[in-house]
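1. compute the structure for the input listed below.
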Amino acid sequence: MEQILRWDEIQWRQRAGKNWILQGDANTHFFHQFVNGRKRKISIAFLDSENGEITGQSEITNHIVDYYKQLFGHNESCSFHLGKGFWPNDLKVSEEDKVELIKPFSMEEIKATVMDMKENLAPGPNGYGVTFFKTCWETIKGDLYAMFQDFWKGQLDIKRLNYGVITLIPKIKEANTIKQYRTTCLLNIDFKWFTKVLTDRLVPVASKIIGSNQTGFVKGRNILDGVMVLHEVLHELRR
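-> Residues are numbered from 1 along each chain as shown. Down below sits the predicted model:
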């Protein structure tokens, strides 16, 4: 039954995609209603702030930009520095690991990264999705390899690729303050390759240089381990 339902879902998704491709730009009443309804849903008509209600597109935009600039902007430089002997030797990057981290990129490494990426993701500002690069790999692999070599040599203008579209998603219904929205950023797929390749190189080293008391955000560790340890400590103290 689950397999039949899955086939049915795939069939409807394919039919819907075909209809959108053939009729998505049609000047019909249905598509006008769909576009207008979606626009009403994602539009922010007003926001509440400490200085009262903010209305008007330009005022709302300035308020949002100022809020996130203050939240994620640059901080003042810190005068504190770690001493040379702060990190123990077993938590430092070895010479062998250092060579693996900074070695030139290989074609096999790039291909594995591209083929491992999930499909059906939203494309970035340039409009190219993962499926395009996987399907056209044999045609564009030479250009991708050259781009990675320029990146390794420091000759690639990475700022032209590191461009994203930031969108606000409400956390609750009828959100009316900026804190009730969360941000999502659509990045170009070709920029994600660099971060993914570097992440794959860093994963084997991360477990060595990050202390065992850091239980979250490291492959092979679980953030709930800290909760379990705390629970066991409190249980033992109470007993």
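
2. now do the strands in the protein.
-> For the chain, the strands defined by DSSP state E cover 46-49, 52-55, 164-170, 181-187.

3. the first one packs against which elements?
-> Think strand 46-49. In terms of contacts (3 or more C-beta pairs under 8 Å, 6 or more residues apart in numbering; DSSP states H and E), strand 46-49 is packed against strand 52-55, helix 57-72. (Each C-beta comes from the backbone N, C-alpha and C, glycine too.)

4. quick one: the ones you listed as JSON lines, columns for mean pLDDT and mean neighbour count too.
-> Shown next, in JSON lines, are these (pLDDT from 0 to 100; neighbours: other C-beta atoms under 10 Å):
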{"stretch": "strand 52-55", "mean pLDDT": "88", "mean neighbour count": "11"}
{"stretch": "helix 57-72", "mean pLDDT": "87", "mean neighbour count": "12"}
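
5. now render those as CSV, adding distance to K173.
-> Converted to CSV, these look like this (distance: least, C-beta to C-beta, whole Å):
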stretch, distance to K173
strand 52-55, 19
helix 57-72, 19
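
6. looking at these, which is closest to N222?
-> helix 57-72 (28.0 Å; C-beta to C-beta).

7. just the helices in the chain please.
-> Here the chain has its helices, by DSSP state H, at 2-23, 29-42, 57-72, 95-102, 107-116, 130-135, 137-153, 189-209, 224-238.

8. what's the closest of the ones you listed to I166?
-> The closest of the helices of the chain to I166 is helix 57-72. By C-beta to C-beta, the value is 8.1 Å.

9. can you lay out the strands of the chain as a markdown table showing distance to K118?
-> What follows is the strands of the chain, written out as a markdown table (distance: least, C-beta to C-beta, whole Å):
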| stretch | distance to K118 |
| --- | --- |
| strand 46-49 | 34 |
| strand 52-55 | 38 |
| strand 164-170 | 18 |
| strand 181-187 | 14 |
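
10. out of these, which comes closest to P123?
-> If we rank these by C-beta to C-beta, the stretch that ends up nearest is strand 181-187, at 7.5 Å.

11. buried residues, that closest one. List them.
-> Y181, L187 (16 or more other C-beta atoms under 10 Å).

12. need the helix or strand of this protein with the lowest average pLDDT.
-> helix 29-42 (a mean of 71; mean pLDDT, DSSP states H and E).

13. buried set for that one?
-> Quick answer for helix 29-42: no buried residues (16+ other C-beta under 10 Å).

14. report the angle between it and strand 164-170.
-> Angle, helix 29-42 to strand 164-170, by axes from the mean of the first three to the mean of the last three C-alpha atoms, to 10 degrees: 80 degrees.

15. could you export helix 29-42 as PDB, CA atoms only?
-> Provided in PDB are the C-alpha atoms of helix 29-42 (Å, rounded to 0.1, in the frame of the first residue of the first chain):
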ATOM      1  CA  HIS A  29      -7.800  33.700 -14.300                       C
ATOM      2  CA  PHE A  30      -6.600  30.700 -12.300                       C
ATOM      3  CA  PHE A  31      -2.900  31.600 -12.500                       C
ATOM      4  CA  HIS A  32      -3.700  35.200 -11.800                       C
ATOM      5  CA  GLN A  33      -5.500  34.200  -8.600                       C
ATOM      6  CA  PHE A  34      -2.700  31.900  -7.600                       C
ATOM      7  CA  VAL A  35       0.000  34.600  -8.000                       C
ATOM      8  CA  ASN A  36      -2.000  37.200  -6.200                       C
ATOM      9  CA  GLY A  37      -2.900  34.800  -3.400                       C
ATOM     10  CA  ARG A  38       0.700  33.900  -2.900                       C
ATOM     11  CA  LYS A  39       1.800  37.500  -3.000                       C
ATOM     12  CA  ARG A  40      -0.700  38.400  -0.300                       C
ATOM     13  CA  LYS A  41       0.600  35.500   1.900                       C
ATOM     14  CA  ILE A  42       4.200  36.400   1.800                       C
END
